[in-house]
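[1] coords please:
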Amino acid sequence: MSAIATPAVKGGSFLIQETAPGEIFTPEDFTQEHRAIARTAREFYTNEVAPNIEAIQHHEPGVAAGVLRKAASLGLTSVAIPEEYGGLALDLASAMVVAEQIAGDGSYCAWHGAHTGIGTLPIVYFGTPEQKKKYLPKLATAEMIAAYALSEPHAGSDALAARTRADLSADGKYYVLNGQKMWITNGGAADLITVFAKVGGEQFTAFLVERGFGGVTSGAEEKKMGIKGSSTTAIFLDNVHVPVENVLGEIGRGHIIAFNILNVGRLKLGPFAIGGAKEVLAASIKYAKERVAFGHPIAEFGAIRHKLAEMAIRIYAAESMIWRTVGLIEKIAQPELRDSSSDLKTIEEFAVECSIIKVWASEMLDYVVDEGVQIHGGYGYHQDYAVERAYRDSRINRIFEGTNEINRLLIPGMLFKRAMRGQLPLVAAAQKVMGEILSGPPAQSDIVANAKKIALLVMGLAYQRFQMELEKQQEVLMLIADIIMETFAMESARLRATKSGLHAEATQVFLPDAMARIELAARTAIAACSEGDALRTNLAVLRRYARYDPVDAVALRRQIADRVLQAGRYV
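    Residues are numbered from 1 along each chain as shown. Below is the predicted model of the structure:
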């Protein structure tokens, strides 16, 4: 990545610190190497994935695995694997670039993402040298296909409620695993599975399980709403003898692996969503130019142009957040000292931002595919059109990597915990905002600064009202999460526009729209946290902070629509 001088930044600190435009990383900062990787990945998608989409959708034997192995021959499955184990050892940005470029089809994306992400990274980050030497070269070439088995029939979001057991054999050489896992991506084809089980029924632990150990069987392919071409099965473990050297990490510390790998998955879901959204926007532009109604291409109609522009605006905002976060993660550790362990700790530091990206990007994609279907009209509802498949494929992203509800609860939850531990001075920042209530109108009228103040105000009021019982107030916490997410999106979009000198129209439209959403969420939360005179005072303060000058969004969206229609794609 390009070198950018920046002070140390802590996860979540965007709420209380100012950031200069030059401190963030954006797509405009991609190196020539990043752009070359993007071209390679895009050519692979065009030449290998696109022609096989129907075959993958219908589970034609060996097709998806064969395409995955062709990706491996180009190095696209080994970006994050160290060189000594057959990988390319490239930076995080390179892995994200690949993810975006291969995301045009949700089914193949699931095969590729599960193998290179949750399937391979547990070993990269937590494996012993012996485990890495044994497995990573085969994962790099896709000789072995990987999967990750955490969920169970009775333990989805509550992963620690798992019932799969691991018991040490009498001779101490094996752990014997028994249980069932559910919703396992690549489950029908995986040769190596990271399985989470409780040693002695109590100590939550990760194991590297080869299908060849015996006793590992896959259930039938699940009949899913979308990503139909991906392999999703149950995994049954019947007296599977796993050598003790295949314990991944420490006994009883499996949750460390599970939660950290989820952070990585949440971050990588961002470029997958971006890539899918750009495909749908391009398809919608093409259709809008070709479809004639009332004697004109529908691309000339204001209602359609509004949709195309708003799709582009939301892609832009998500893109800005994603690459800003990648830049933060990349810049924490000194490059010459970096290893997989330091990368993991850095990603954990920005767990709040990873959850924000997961929720915001998945919901952005849902918006884009929904409008894509609407632009196509009746044809958008027909399976002959790719947008119909994209609509169904998109829905899983709000469930993958922890549901959006779980992540919405995590966002303020992690911030409150860091504040209580003294890791993030949120309390002082919130107290300062609360003090402004008594001192009249805010000194500055900056819309992003005021969005941060609204977030701190609502967080402070919620904590005052509920204190240690706040974690039970899920509705309030999710409203706070929405405010925090929109704030991060606003600042990221504006910083990028200021730094690059581009995207001015998208930013001008996005900021007031986001503030309107913030005001609505804040109003609802404040009403749940105060009453009487206090409620009226707090709402008056909210109105001052939420005030902004309107822009001619109609004219600005027309400009954006002109640009994407001319290009035929997101630009």
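
[2] In contact with S107, which residues?
    Residues in contact with S107 (C-beta atoms under 8 Å, 6 or more residues apart in numbering) are I53, I56, Q57, A64, I227, K228, G229, S230, D393. Just so you know, the C-beta spots here come from the backbone N, C-alpha and C atoms, and that holds for glycine as well.

[3] Am I right that it falls within a strand?
    No - going by DSSP: H, G, I helix; E, B strand; the rest coil, the assignment for S107 is helix, not a strand.

[4] where does the stretch 251-400 of the chain have low pLDDT?
    Applying pLDDT under 70 to the stretch 251-400 of the chain picks out residues 332-343.

[5] Could you pull out the strands in it for me?
    Using DSSP state E, counting those that start in this stretch, the strands of the stretch 251-400 of the chain run over residues 292-293, 296-297.

[6] any chance of the ones you listed in a markdown table, with distance to G187 and mean neighbour count too?
    Output for the strands of the stretch 251-400 of the chain, formatted as a markdown table (distance: least, C-beta to C-beta, whole Å; neighbours: other C-beta atoms under 10 Å):
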| stretch | distance to G187 | mean neighbour count |
| --- | --- | --- |
| strand 292-293 | 45 | 11 |
| strand 296-297 | 45 | 12 |
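
[7] In TSV: the ones you listed, plus distance to M364.
    Converted to TSV, the strands of the stretch 251-400 of the chain look like this (distance: least, C-beta to C-beta, whole Å):
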stretch	distance to M364
strand 292-293	28
strand 296-297	26
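
[8] ok so, going back, by neighbour count, which of the contacts of S107 wins?
    Within the contacts of S107, most neighbours by other C-beta atoms under 10 Å means S230, with 29 neighbours.

[9] Just say helix, strand or coil for that one.
    On the three-state scheme (three-state DSSP), S230 is labelled coil.

[10] Not counting sequence-adjacent ones, nearest residue to it?
    Closest residue in space to S230, ignoring its immediate chain neighbours: A110 at 3.6 Å, by C-beta to C-beta, 6 or more residues apart in numbering.

[11] can I assume that neighbour is in contact with G226?
    No - taking contacts as C-beta atoms under 8 Å, A110 lies outside contact range of G226: 9.7 Å.

[12] Neighbour count: those two, which is higher?
    Ranked by neighbour count (other C-beta under 10 Å), A110 and G226 place A110 first, with 24 against 18.

[13] Mind pulling up the pLDDT for that one?
    At A110, the predicted lDDT confidence score is 98.

[14] Wasn't it part of a helix?
    Yes - with three-state DSSP as the criterion, A110 is part of a helix.

[15] Next, find the distance separating it from I235.
    Counting by C-beta to C-beta, to the nearest Å, the separation of A110 from I235 is 16 Å.

[16] can you pull the contacts of M182?
    S151, E152, P153, G156, A234.

[17] Thought G179 was touching the last one, still the case?
    The one in question is A234. No - here A234 lies out of contact with G179, judged by C-beta under 8 Å, at a distance of 10.6 Å.

[18] tally of neighbours for the nearest residue to V387 once chain neighbours are set aside?
    Closest residue to V387 in three dimensions, ignoring its sequence neighbours and counting by C-beta to C-beta, 6+ apart: G372, at 4.5 Å. Neighbours of G372 under the rule other C-beta under 10 Å: 29.

[19] who's in contact with G372?
    Counting by C-beta under 8 Å, 6+ apart, G372 touches V280, L281, A283, S284, M311, G380, V387, A390, Y391.

[20] I'd assumed A567 was in contact with the second one.
    Okay, so that is L281. No - with contact defined as C-beta under 8 Å, L281 does not reach A567; the gap is 10.3 Å.

[21] Of these two, which one has the most company?
    Shown here are L281 and A567; by other C-beta under 10 Å, L281 has more neighbours (25 against 11).

[22] got the phi/psi numbers for A64?
    Main-chain torsions, A64, degrees, to the nearest 10: phi -60, psi -40.

[23] swap in the one 4 residues further on?
    Its backbone dihedrals place L68 at phi -60, psi -40, with angles given as degrees, to the nearest 10.

[24] Please tell me how far it sits from N52.
    11 Å.

[25] Quick one, grab the pLDDT at the nearest residue to G229 once chain neighbours are set aside.
    Once flanking residues are discounted, G229 sits nearest to S107: 3.0 Å by C-beta to C-beta, 6+ apart. S107 carries a pLDDT value of 98.

[26] between L68 and N52, which one's more packed in?
    Shown here are L68 and N52; by other C-beta under 10 Å, L68 has more neighbours (22 against 19).

[27] Read off the pLDDT value for that one.
    pLDDT recorded at L68 is 98.

[28] Do I have it right that it meets T116?
    No - look at L68 against T116 with C-beta under 8 Å: they stay out of range, at 9.1 Å.

[29] Please enumerate the shared neighbours of these two.
    With C-beta under 8 Å, 6+ apart, L68 and T116 have common neighbours T77.

[30] got the residue ranges for the helices in the stretch 451-571 of the chain?
    Using DSSP state H, counting those that start in this stretch, the helices of the stretch 451-571 of the chain run over 474-500, 504-529, 532-546, 553-567.
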